[in-house]
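[1] Using only what follows, build the 3D model:
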Amino acid sequence: MIKNVYNVIVDRTSGNTEKYRLRQRLFGTDDVLPMWVADMDIATPQCVVEAVKKRVEHPIYGYEEMPDSAFEAQIEWMQRNHGIRLERGWMFFSPSVVATINVAIQAFTRPGDKVIVQTPVYPPFFKSVVNNEREILSNPLKRLKNGDYTFDLDDLRSKIDKKTKLMLLCSPHNPVGRVWRREELQEIADICLENDIKVLSDEIHSDLVFAPHKHIPFASLGEAARRISITAIGPGKTFNLAGLSISTVFISDETMRERFYKVYNSIHFAQGTVFGHVGFEAAYREGEKWRKGLIQHLYNNAVELKRLCDTHSDKINMKIPEGTYLAWMDCSKMGLGNRALRKFFIQQARLGLNPGTSFGKEGSQFMRLNFAVPKPVMQEALERLERAMKI
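    Here you go, the predicted structure:
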């Protein structure tokens, strides 16, 4: 019998794993199952592990350039999986998407300019704007009666002014789990083109999409959209490589690329780590079969969580996300304030989740749960939540 690699439990409690080490600080106790920060409790694919092991055997870990072969592996992946043809000359190494966001803010805006942020959203979006002394232009997503989210285009149009220079687009969206349709993205592109607004598209979750949904790269909408876009991509979420600190950014427009590089070069990111390079390339060259199995595993976990929520729909509601491994749970029917809700999940359910308010005020009475875990861990989480619901 072939072992299901996604169900192997790997002990992460004895090291410096952020998800586990910060339990006491974040939740006031170690007695919670941590399902918050967006990395996986699933082992990195063996092809990556073997590539890193091989590199470890070389006894010098000095400075290295990110090899063209690594970029080419990602270029081929993007063409094969997303139908977009990138060029090597458009691409830069970046240690993280958040680093890319900060460089883009500094490159394409000035202090006091406005940056569009669509909450609820990944917290570094609005933190990066504020930390760089720019102004947040808040364009909250619109929640429909069926629980789906969409862009609020009328609100966006009404708020844009001459100081609005950049949009931070989360695609697929963290935390609401939307995979934006082509026509939705085109409407955003049209508005930004009309108003000379650049678009930073965070597409780090683009390879974790559930059928029948399909990720559409913002830069694939056409030449006009490509000319205003900065796209952040990488293998960190898909292959559980966050600890290797490696991603990329691509910018097709030469003038924009030069402006980005001027800031990028002043910060001196260098070219990443020797282990990041080989892990990155191995993931894109050899990880496709593993990724497909992972997506099915994640979907199964989401279905089980949805089933439990449906059983207690008088208290918790959720939709299976279209992409990502993050469940956005509406707990408003529980009738608890945000502090009491967080306390319930820590003390009664013994689960360490992200409070919805950390993604903006629109996340009030929501909780985010990371279901990228082995099946036995998922079952334990469901049992804890089931018991808490009956208290």
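
[2] host element of the closest residue in space to Phe92 that isn't next to it in sequence?
    Ranked by CB to CB, 6 or more residues apart in numbering and with sequence neighbours excluded, the top spatial neighbour of Phe92 is Val249, at 5.0 Å. (Glycine included, C-beta is placed from N, CA and C.) Val249 is part of strand 247-250 when elements are defined by DSSP states H and E.

[3] pLDDT averaged over that strand, what's the number?
    Averaged across strand 247-250, pLDDT comes to 98.

[4] Contacts for that strand next, please.
    71, 74, 86, 90-97, 100, 103, 204, 219, 230-236, 260 (CB atoms under 8 Å, 6 or more residues apart in numbering).

[5] Can you pull the phi and psi angles for Asp207?
    In terms of degrees, to the nearest 10, the main-chain angles of Asp207 are phi -100, psi 10.

[6] ditto for Ser201
    Dihedral angles phi and psi of Ser201 (degrees, to the nearest 10) take the values phi -100, psi 110.

[7] Start the count at 171 instead of 1 going forward.
    In the new count, where the first residue is 171, that last one comes out as Ser371.

[8] doesn't Pro342 make contact with it?
    No - in this structure Ser371 lies outside contact range of Pro342 using CB atoms under 8 Å: 10.6 Å.

[9] isn't Glu492 right next to Val349, touching?
    Yes - here Glu492 lies in contact with Val349, judged by CB under 8 Å, at a distance of 4.0 Å.

[10] Name the residues contacting each of those two.
    Counting by CB under 8 Å, 6+ apart, the shared contacts of Glu492 and Val349 are Pro342, Val379, His383.

[11] among the residues you listed, which are in strands?
    Mapping the shared contacts of Glu492 and Val349 onto strands (DSSP state E) picks out no residues; all lie outside.

[12] Write the PyMOL selection for whichever of the residues you listed are buried.
    A single PyMOL command suffices to select whichever of the shared contacts of Glu492 and Val349 are buried according to 16 or more other CB atoms under 10 Å:
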select buried, resi 342+379+383
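
[13] The host helix or strand of Arg225 - contacts with which helices or strands?
    Assigned by DSSP H and E, Arg225 falls within helix 216-226. Helices and strands in packing contact with helix 216-226 are listed as helix 444-456; criterion 3 or more CB pairs under 8 Å, 6 or more residues apart in numbering; DSSP states H and E.

[14] ok, Arg280 - how many residues close by?
    The number of residues packed around Arg280, counting by other CB atoms under 10 Å, is 12.

[15] coming back round to it: looking at the sheet around the residue nearest to Phe262, what are its partners?
    In this structure, Val419 bridges to Phe262, Ala402 when assessed by DSSP bridges.

[16] which residues are contacting the longest strand anywhere in the chain?
    Taking DSSP E as the assignment, the strand of the chain that covers the most residues is strand 334-340. Contacts to strand 334-340, defined as CB under 8 Å, 6+ apart, come from residues 271, 274-275, 278-280, 283-288, 291-292, 295, 298-299, 307, 358, 362, 365-372, 388.

[17] and if you look at stretch 551-561?
    Contact partners of stretch 551-561, identified using CB under 8 Å, 6+ apart, comprise 203, 205, 474-475, 478, 482, 485-486, 514-515, 518-521, 539, 541, 543.

[18] chain center to the helix holding Arg225: distance?
    Averaged C-alpha coordinates place helix 216-226 at 25 Å from its chain's average position (CA atoms, centre = their mean, to the nearest Å).

[19] Now do the buried residues in that helix.
    Neighbour counts over helix 216-226 (16+ other CB under 10 Å) mark Cys217, Val218, Ala221, Val222, Arg225 as buried.

[20] Settle this for me: the second one is touching Leu411, isn't it.
    Looking back up the chat, that one is Val218. Yes - between Val218 and Leu411 a contact is recorded at 6.9 Å, counting by CB under 8 Å.

[21] if I look at these two, which residues touch both of them?
    Listed as contacting both Val218 and Leu411 by CB under 8 Å, 6+ apart are Gly449, Ala453.

[22] what about Lys284, how many neighbours?
    22.

[23] Could I get the full set of strands for this structure?
    For the chain, strands defined by DSSP E occupy the ranges 203-204, 261-264, 284-287, 305-308, 312-313, 319-320, 334-340, 368-372, 399-403, 417-420, 496-500, 521-522, 524-525, 536-540.

[24] got the contact list for the fifth one?
    Yep, that's strand 312-313 we're talking about. Strand 312-313 is contacted by residues Tyr319, Thr320, Phe321, Asp322, Asp325, Glu532 when judged by CB under 8 Å, 6+ apart.
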